[in-house]
Structure formats: C-alpha cells, structure tokens
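**Student:** Sequence first, predicted model second:
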Amino acid sequence: MRARLRALRARLARFAALPRAQQRALVEVAGTAAWIEVAVRTVPLDRLAPALGIRLRPTNDGPEGDALDPLSERERLRLEASRRFFGVFHARGPCLRRSLVEGFLLRRRRPVLRIGVRREGDSVAAHAWIDAGQSDSGVAAPGDYRTLRSAAER
C-alpha cells in the first residue's frame, strides 16, 4: 500500500511540475478518455465515430480539407498529452480508445479512423489509428497493417 501511495505522489509531483498549458491538455485528454471509454462500451463504432467527428472508412483514401495544415500549438499539446496519458494509464491495447480520443481532439481536420489487421505467426492482430494527414497521430505505422477491406479482398 505504501509503495502505491509513493507512486501516486510521484505522479502528482510530475503533473504539478508541468507547465499550466500541458496540465490543461492532460486534464482535457483524461476527461475525454473517460467518456469515450463509456461510449466504446455502449455505442456501436459505426455510430460512435461520426458522433465524435471522425470518419470511419475501411479504404485507403486519405483525409480531406485542412488536414495537411501544420498542427496548431493547442493540437500539438493535446496529442502530446494523449501520448503521455495512454502511456501511463493504458499499457495494453489502447489503440482504439487512443485513436478515438485523438480523432475527437483533431475533429476540425476531419480525421479518418482506420482499422487494420496483420498476421502474427498463426494469429491475426488488429489495430486502429487516426489518419489526419501531417497530423497523423502516430498510433500506428499504416504500412504495417492492411485495412480490413483490403485484407478481405485478398
């Protein structure tokens, strides 16, 4: 119990040492992740993604509009906060949740949620990532996975 308290105190001290803008971004990401967690468990993905401002497309066509504009400072802080948050609180299998959070945070860029698969020996691994042009969230290297549609065509 004492070890957990020490770890919690250390995390809180690291949070307190961050600049205010990074603290705000982390709180925003944590709040967004909390309600998206509930939504992922209660709403079908084909309804959830559009409600978040994320296009769900199985094809490899790219993003549209201002997706290729450089990231704003606020968007950059939000993506950094997302990486930090999911690195600490979701050690295994966070790709769908992280993609939905980052897609929601980048919704003005009209991001596309990609879901792909790849073979890993005798099994198949699935992965999700956001495609938003230069603002690609980095959740996955899209070349490593084939979108579900392209895999089904083979």
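**Tutor:** Cool, the structure landed. Residues are numbered from 1 along each chain as shown.
**Student:** For the top helix by length along the chain, buried residues please.
**Tutor:** Ranked by number of residues, the top helix in the chain under DSSP state H is helix 20-42. With burial defined by 16 or more other C-beta atoms under 10 Å, the residues of helix 20-42 counted as buried are Ala25, Leu26, Glu28, Val29, Thr32, Ala33, Ile36, Ala39. Every C-beta, even on glycine, is put in place using the N, C-alpha and C of the backbone.
**Student:** now for the next helix or strand after it, which elements pack on it?
**Tutor:** Scanning forward in sequence from helix 20-42 by DSSP states H and E, the next helix or strand is helix 45-51. For helix 45-51, the elements it packs on are strand 55-56, helix 95-105, judged by 3 or more C-beta pairs under 8 Å, 6 or more residues apart in numbering; DSSP states H and E.
**Student:** what's downstream of the first one, the next helix or strand?
**Tutor:** The reference is to strand 55-56. helix 73-89.
**Student:** tilt between that following helix and helix 20-42?
**Tutor:** Angle between the axes of helix 73-89 and helix 20-42 is 60 degrees (criterion: axes from the mean of the first three to the mean of the last three C-alpha atoms, to 10 degrees).
**Student:** contacting residues around helix 73-89?
**Tutor:** Identification of contacts with helix 73-89 by C-beta atoms under 8 Å, 6 or more residues apart in numbering yields 11, 21-22, 25-26, 28-30, 33, 71, 94, 97-98, 101-102, 105-106, 135, 137-138.
**Student:** Dump the helices and strands packed on helix 45-51 into a markdown table; add mean pLDDT and distance to Val124 as well.
**Tutor:** Output for the helices and strands packed on helix 45-51, formatted as a markdown table (pLDDT from 0 to 100; distance: least, C-beta to C-beta, whole Å):
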| stretch | mean pLDDT | distance to Val124 |
| --- | --- | --- |
| strand 55-56 | 88 | 20 |
| helix 95-105 | 93 | 15 |
